[in-house]
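Q: Pasting the sequence and the predicted model now:
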Number of protein chains: 2
Amino acid sequence: MGKLDFPPIADTTRRAEIAALLRRAILTGQLEPGQKLNELRIAEQMQVSRAPLREAMRELVQEGILTSIPYAGTFVIDVTAKDIDDAYSLNKVLDEFAIELTWPLRDQRFFDELDRRHEAVKQATRDRDTTRQIETALQLHGLIHEWADNSVLLETWQRLTSRLQMYFALHQRARKEPVPAEDIHETYAQLLKGADMGAAQRHAREHIDLDFEELFAYARSLEQRDSKGARADRAGPTRNRPDGS
Amino acid sequence: MGKLDFPPIADTTRRAEIAALLRRAILTGQLEPGQKLNELRIAEQMQVSRAPLREAMRELVQEGILTSIPYAGTFVIDVTAKDIDDAYSLNKVLDEFAIELTWPLRDQRFFDELDRRHEAVKQATRDRDTTRQIETALQLHGLIHEWADNSVLLETWQRLTSRLQMYFALHQRARKEPVPAEDIHETYAQLLKGADMGAAQRHAREHIDLDFEELFAYARSLEQRDSKGARADRAGPTRNRPDGS
DNA sequence: AGAAAACAGATTGTCGACAATCTAACAAGA
DNA sequence: TCTTGTTAGATTGTCGACAATCTGTTTTCT
């Protein structure tokens, strides 16, 4: 039988491409938290009009990585230690739920995909490509959410992931050093192949704790910096701030 | 001490008002699932241009109650039985988590607010105002999520709530009869005031099960109707369907 | 000098018009 | 008759210009 699954064709609207560009810039930390997005300037740089740009920004606002103040501007969300902590604790709950749903649905294709993603993380680690390392690690994590066959859960996790990715990128940028190179996902992958669901769930929690340990140090440093009022170097939501002059 | 909390002033952009109007129309079931939103027509009805309307629609797309197909149109999301089931099961998990977080934070203000919202449900029930009954019941449910002091959880729950409210409204519309009038929230409120957190969590599950029981019947009826292909009466995402002629 | 009012510059919000694309109906050919 | 190509109508996507609003500065008055 001539089975051949064609992939859906790409979205060919400027809006979608603009949104993707902005999203990537934010999640990789190229656009810093609190920074204001000047519509005119960005539109000129991207060679598009403001209409699709504004629509794309509206999407990112709802995605939770931008925040908009009418007649004042649209800003990259500010990252507080509490935000990171909140996202992290909810992530634990979702992971546990995802494992529970995925468990009876595991099959050979699942294991293959698990290995594939695990391999991608190891490859990025070997390449010392920290950005890609973050991306692939989150994709490995995401497998259980994709496999759980619960669209609402998946959607929720993806929203959460956006922020986590942003937090990790910021952390990595703040350190300006490569991320730990050991393979901390080996046990995780093994447990997902095993027979003890409870063990997998428990490890997911510990595993995440391990991953996030350094992130928390970064979060706490943020907390202290902010409380000292030493944020004049960042372009916060102070209205009408001249950008480059 | 002159303590006085001023409320934030209203968003005075057309975009925000349009989004609110559309959201309400969708969540109350006035706009049916699958229905296409004609930009020109709506813009004329609302007496605004398409720009703010389109931006508002982009927001609702990200909120998950609209879905957009480039160059084809924007449609109210289709409701399947699985969607309802997925949302419901995730809701249980979130509720359990919210109770856990809220538990140590309960104080007099919490109890007062709990009573206030509970009273609002009873009032709506007495008034036989089914739409408001749904709204207030969800607000009562939402208290633990607001109180949990986890912004990501709250945001997640609010997204979920949008859909639940839509599902309930559809269900209620399908029945064309008043919703059960008994006070099924009494035990819930009492347990939230008590000392046994586990009991509250367990009841939250059972309580929701009770609330959703009829909704599931509706969901299953949807499933059967769709599988029979008897959906010609609804305006599905068939492109370029003439609207009123 | 200090406070209030008016102004100027810049940016966001909105509008109306045009271009790109889709769908359905119709025509042409095998 | 069925398939393929063309066309017409309608709708969405995009653009450039104008209006509304905000912030910082200057001016005016006491």
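A: On my side now, so go ahead.
Q: now stretch A:16-26, how far from the centre of its chain.
A: Offset of stretch A:16-26 from its chain centre (CA atoms, centre = their mean, to the nearest Å): 13 Å.
Q: Buried residues in that stretch, which are they?
A: Going by neighbour count (16 or more other CB atoms under 10 Å in any protein chain shown), the buried part of stretch A:16-26 is A:16-19, A:22-23, A:26. Any C-beta I mention is one placed from the backbone N, CA and C, and that applies to glycine too.
Q: out of those, which touch chain B?
A: A:Ala16 (CB under 8 Å from any CB of the partner chain).
Q: So which of the buried residues of stretch A:16-26 sit within helices?
A: Judged by DSSP state H, the buried residues of stretch A:16-26 include A:16-19, A:22-23, A:26 as members of helices.
Q: related to what we said a few turns ago, just the buried residues of stretch A:16-26 now: which is nearest A:Ala98?
A: Of all those, A:Arg23 has the smallest distance to A:Ala98: 23.1 Å, by CB to CB.
Q: which bits of chain A sit near DNA strand C?
A: Neighbours of DNA strand C within chain A, by CB under 7 Å from any atom of the strand: A:12, A:36-40, A:50-51, A:54, A:68, A:70-74, A:240, A:242-243.
Q: Show me these that map onto strands.
A: Residues of the residues of chain A next to DNA strand C located in strands (DSSP state E): A:36-37, A:68, A:73-74.
Q: what's the most distant pair in those residues?
A: A:Lys36 and A:Ser68 (10.8 Å).
Q: Between the two, which contacts overlap?
A: Taking CB atoms under 8 Å, 6 or more residues apart in numbering or on different chains as the contact rule, A:Lys36 and A:Ser68 both touch A:74-75.
Q: How about the secondary structure of A:Asp183?
A: Assigned with DSSP: H, G, I helix; E, B strand; the rest coil, A:Asp183 falls in the coil class.
Q: quick one: what helix or strand has the nearest residue to it once chain neighbours are set aside in it?
A: Closest residue to A:Asp183 apart from its sequence neighbours, by CB to CB, 6 or more residues apart in numbering or on different chains: A:Lys122 at 6.1 Å. Using DSSP states H and E, A:Lys122 maps to helix A:108-127.
Q: same check, this time on A:Thr156
A: Per DSSP H and E: helix A:151-175 holds A:Thr156.
Q: For the following helix or strand past that helix, buried residues please.
A: Using DSSP H and E, the helix or strand that directly follows helix A:151-175 along the chain is helix A:186-193. By neighbour count on 16+ other CB under 10 Å, the buried set for helix A:186-193 is A:188-189, A:191-192.
Q: Please convert those residues to TSV, extending it with distance to A:Trp157.
A: As requested, these are arranged in TSV below (distance: CB to CB, whole Å):
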residue	distance to A:Trp157
A:Tyr188	16
A:Ala189	18
A:Leu191	19
A:Leu192	16
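Q: so, if you compare those, which one comes nearest to A:Ala98?
A: A:Leu192 (10.7 Å).
Q: how far does stretch A:114-121 sit from the chain's center?
A: With CA atoms, centre = their mean, you get 18 Å for stretch A:114-121.
Q: Below-threshold pLDDT in chain A: ranges please.
A: Counting by pLDDT under 70, the ranges of chain A that qualify are A:1-5, A:8, A:10, A:176-182, A:208-214, A:222-245.
Q: contacting residues around whatever residue of chain A ends up closest to chain B?
A: With CB to the nearest CB, the shortest gap between chain A and chain B falls at A:Gln62, namely 3.2 Å. By CB under 8 Å, 6+ apart, the contact set of A:Gln62 is B:58-59, B:61-63.
Q: would you list these in CSV and tack on distance to DNA strand D and secondary structure?
A: CSV is the format used below for the contacts of A:Gln62 (distance: CB to the nearest atom of the strand, whole Å; DSSP: H, G, I helix; E, B strand; the rest coil):
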residue, distance to DNA strand D, secondary structure
B:Arg58, 9, helix
B:Glu59, 14, helix
B:Val61, 10, helix
B:Gln62, 14, helix
B:Glu63, 17, helix
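Q: Which member of these is positioned nearest A:Arg116?
A: B:Gln62 (29.7 Å).
Q: which one is that closest one nearest to, not counting chain neighbours?
A: Per CB to CB, 6+ apart, closest to B:Gln62 is A:Gln62, 3.2 Å.
Q: Which parts of chain A belong to which domain?
A: A:14-76, A:81-227 (automatic domain parsing).
Q: Make CSV out of those and add distance to B:Arg159.
A: Below are the domains of chain A laid out as CSV (distance: least, CB to CB, whole Å):
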stretch, distance to B:Arg159
domain A:14-76, 9
domain A:81-227, 7
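Q: can you tell me how far A:His141 sits from DNA strand D?
A: 32 Å (CB to the nearest atom of the strand, to the nearest Å).
Q: Give me the helices and strands touching the host helix or strand of that residue, please.
A: Taking DSSP H and E as the criterion, A:His141 maps to helix A:130-147. For helix A:130-147, the packing partners by 3 or more CB pairs under 8 Å, 6 or more residues apart in numbering or on different chains; DSSP states H and E come out as helix A:81-102, helix A:108-127, helix A:151-175, helix A:186-193.
Q: now the third one, how far from the centre of its chain.
A: In this case it means helix A:151-175. On CA atoms, centre = their mean, the centre of helix A:151-175 falls 2 Å from the chain's centre.
Q: what's the most distant pair in the buried residues of helix A:186-193?
A: Greatest spatial distance among the buried residues of helix A:186-193 (CB to CB): A:Ala189 and A:Leu191, at 7.4 Å.
Q: show me the contacts for the residue of chain A found nearest DNA strand C.
A: DNA strand C sits closest to A:Glu39 of chain A, with a gap of 3.7 Å, by CB to the nearest atom of the strand. A:Glu39 makes contact with A:50, A:53-54, A:57, A:74, according to CB under 8 Å, 6+ apart.
Q: element containing the closest residue to A:Thr187 other than its chain neighbours?
A: Excluding the flanking residues, the one nearest A:Thr187 by CB to CB, 6+ apart is A:His203, at 6.3 Å. Element membership of A:His203, judged by DSSP H and E, is helix A:197-227.
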